[in-house]
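[1] sequence unknown, structure follows:
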């Protein structure tokens, strides 16, 4: 390996053993960085020898990884990914977040932090360019996220768990001090199981760029495409209204999950639409470090306001129309360290099972009980699949592989239906993000009520997004820009030429590696299935739009097509047991 | 897939952009299908097998401009860089493969270039373009390269004259044979103001079709709207103007709803134009001669180099004002509305034409035809002057 440091990357990983209370830096081979980029890809590669471990095994790695564009002026690239195995789904799991933490970590001279072991007492990991320190923080155990952030913010940017993570709630999140979250999959519970209350980063080293002139041209190209995108900078787009801009659209397309997906239109959704939030909360623009879009919205006092998934699930999914209640639920989840999507969806499944959805006044208590694992919360803390199974109504969990579905009803977008199932981390909308073309018409519109071509489209998008998650850039960038411009940014930053095609090939490697891990842990075609409801019950048709049940035969045919596109067996598994050995 | 291939093959013929019989598409789902001209279909299929995309278009253009651009390019060049806004924004540049580089590994060489860009000019073969997600996207990218090459070639000839054997003759054939008179004759427009939503949607769809049929857009992009009461009915982003049924968003002017997030990227420009002009209908297209002539500036020693976005002057093509401004939220929405109210028409530098109708689309459509015809005449006058000077 050359002694010259690669630009873009730091070529360094911080390894932390909480059991032994020690940490040390190691070089990352440059070939590995080229092959996996960073973020999700690098984290997945680091899991190669550990993916069979139970998520609560002390030796399971919890990996924080940034990308080669983090710390540069590349738009939306100040992000990181956390990778481990999910206690909620049992799959390999990655989840990304913005805020300031990522560039502070990169500024400490690191591409990744790999944390193993378990501390005997609550600790915080404090990282600076000079080194890393494991600090005992018993006084913070039992404290909310804001309290923890407040106590530690003097030492840098904070990523912390709340009570939910401490209590190993299966959908506990990791919160960034600025209000962003590593939201899904229960990664906060893995952190809690290690007795790790927080990670603090305080680096400020700049990231080198190999060709600043070329980089600036590419950056301008990206910004031009952002400005040309109605979804990003349009007057009704996410920069103005945040992701709740989607509330009215999903209502109009009749695909807003309502009352645990029994219906797909909630007549009172206007109460929590983008314009309603702006009006009632005087929402101001907010967002991740250096991001030009600023899609987050907060109150003038700085309180983060809920995103689309949160308003829709604490709203329509639970039959609640009060915006004040939804905002309160969002704030409470942030304080307790709960994933809002899974929390709301679990409440909804539980509500249907007991014959009554929770009313607005009950929700805060239930969320607290969940985080504390007391009363009804003891069961709710397990997520909707386990709740529904416990109550003898397994069909009421609207999840795939145990991950609760977000706020896009699959009966209204068939690519989304397929992508929920093929996602390596369970029912997630972001792996292939077909809403982009099926609903938002980017980069081009596809027929949302057709499976035609969707197997290939989903596979391509999964590869693309695996690369995006490894750069690490925000998916919202790709409502305007494409891999063409981001490949150019990466090439200019690192001095190594990448193309959209080469990035998609890297993404494919990452995606298939994840799939291989899952298959080795017992996952297969039987897990790539939607809840029965979507095949047997219609959504809410009307206004000239029919929302019938999904054709089971056509879905199965497209899933098999997907397996063939991926080179998998009809059971969705790998023919080649040595697949991993052939990967760098 | 085969039905889509047939549809977009037909469109390339109807556009008169590609030569009938020299068009092929390939598409892949779990298998690759290719159809059309056998050699081009084979090439398209081979390219698709090397790339992570769903669709591929390979066709010989009906005009030799793309080949001429390659032949005129300095030997060390490997890309052409058109200066129109659509190309700058969405394609950046267009790589090419020279005739003498055509070898056994042609597919590999083209695939390398397509791995980085949406379309490639292959000298002596044609234009090849990929579609990441759909066959339609491959068609759009092919058409965009055709449009870019058309505009750049006309601009280059205007500046540098003919440089190659056969160029002048080919250009004459283009002028006398390919170009057709542009008129609004024979088209039927509803008289406004329109109030019934169903009637508005039908009229927008009809006028959208007219703009494509009369060649006022490249491939089918552009946008169109009609205002009635507190609602702007506007074509959706990435909507084909000849297929607008179901692709028109009624957007409340008070922004009380955001479901118009799928509306055209020029929604803000339309809104401001309505506010400034009091018009009832707006039409926006990319007629080629207007795009070319909008970039012809006589200003000398001007300090501005990024004219297409930075120029704050109002120039004129005849009596039509020309302003600069990037698309979407990039400045066009600020500069067009103040200049369009009087003349009812405006050209955006390197981009296209906006026209407005006081009551309906008839006036707007005729105004766009007039602007393009004026620019077409002005172009050939300027070219004749250039050629006469030698």
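    Now that the structure is in, tell me what you want to look at. Predicted model only: the values in this text are computed from it and were never measured.
[2] Looking at chain A, which residue is nearest chain B?
    Nearest to chain B in chain A, going by C-beta to the nearest C-beta, is residue A:501, at a distance of 3.1 Å. Any C-beta I mention is one placed from the backbone N, CA and C, and that applies to glycine too.
[3] so who does that residue touch?
    B:51, B:52, B:111, B:114, B:115, B:116 (C-beta atoms under 8 Å, 6 or more residues apart in numbering or on different chains).
[4] So which of the residues you listed reach chain A?
    By C-beta under 8 Å from any C-beta of the partner chain, the members of the contacts of residue A:501 lying near chain A are B:51, B:52, B:111, B:114, B:115, B:116.
[5] from these, which ones fall inside helices?
    If you go by DSSP state H, the ones next to chain A among the contacts of residue A:501 have B:111, B:114 in helices.
[6] By neighbour count, which of the ones next to chain A among the contacts of residue A:501 wins?
    residue B:114 (26 neighbours; other C-beta atoms under 10 Å in any protein chain shown).
[7] Which residues outside the helix or strand of chain B with the lowest mean pLDDT are in contact with it?
    None of the helices or strands of chain B scores lower by mean pLDDT, DSSP states H and E than helix B:307-310, at a mean of 85. Contact with helix B:307-310 is made by B:83, B:85, B:88, B:295, B:297, B:304, B:324-326, B:330-331, B:349-351, as judged by C-beta under 8 Å, 6+ apart.
[8] run the last query once more with 7 Å
    Residues outside helix B:307-310 that contact it (C-beta atoms under 7 Å, 6 or more residues apart in numbering or on different chains): B:85, B:297, B:304, B:324, B:325, B:326, B:330, B:331, B:349, B:350.
[9] Please identify which pair of the residues you listed lies farthest apart.
    Maximum pairwise distance in these, criterion C-beta to C-beta, is 19.5 Å, between B:297 and B:330.
[10] Just list the residues touching residue B:93, thanks.
    B:79, B:80, B:81.
[11] Buried ones among those?
    residue B:80 (16 or more other C-beta atoms under 10 Å in any protein chain shown).
[12] so of the contacts of residue B:93, which ones are in helices?
    Per DSSP H, the contacts of residue B:93 never map to helices.
[13] re the thing from before, looking at residue B:297 and residue B:330, which has the bigger crowd around it?
    A count of neighbours by other C-beta under 10 Å puts residue B:330 above the other of residue B:297 and residue B:330, at 21 against 14.
[14] That one - nearest residue in space that isn't next to it in sequence?
    residue A:227 (4.0 Å; C-beta to C-beta, 6 or more residues apart in numbering or on different chains).
[15] That neighbour touches residue B:328, doesn't it?
    Yes. Using C-beta atoms under 7 Å, residue A:227 makes contact with residue B:328 at a distance of 4.7 Å.
[16] shared neighbours, these two?
    What both residue A:227 and residue B:328 touch, as defined by C-beta under 7 Å, 6+ apart, is the set residue A:233.
[17] the more surrounded of these two?
    residue B:328 (29 against 22).
[18] Next, see if the longest strand seen in chain B gets close to chain A.
    Using DSSP state E, we find that the single longest strand of chain B is strand B:18-28. Yes. Under the criterion of C-beta under 7 Å from any C-beta of the partner chain, chain A is reached by strand B:18-28 at residue B:28.
[19] what residues does that strand touch?
    By C-beta under 7 Å, 6+ apart, strand B:18-28 touches A:456, B:1, B:4-5, B:8-9, B:12-13, B:32-37, B:40-41, B:44-45, B:48, B:54-62, B:126, B:135, B:138.
[20] Go ahead and build a PyMOL selection from the buried members of these.
    Remark: buried members of the contacts of strand B:18-28, expressed as a PyMOL selection using 16+ other C-beta under 10 Å:
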select buried, (chain A and resi 456) or (chain B and resi 1+4+5+8+9+12+13+34+35+36+37+40+41+44+45+48+54+55+56+57+58+59+60+61+62+126+135+138)
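[21] Which of the contacts of strand B:18-28 fall within strands?
    B:32-36, B:55-61, B:126.
[22] Among these, which one sits closest to chain A?
    Using C-beta to the nearest C-beta, these come closest to chain A at residue B:55, 8.9 Å.
[23] ok so, going back, same list (the contacts of residue B:93) but as TSV, adding pLDDT.
    Listed next are those as TSV, based on pLDDT from 0 to 100:
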residue	pLDDT
B:79	96
B:80	96
B:81	94
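[24] hang on, isn't residue A:574 packed against residue A:520?
    No. Residue A:574 lies out of contact with residue A:520 (C-beta under 7 Å); the separation is 8.8 Å.
[25] which one of the ones in strands among the contacts of strand B:18-28 sits closest to residue A:294?
    residue B:55 (35.0 Å).
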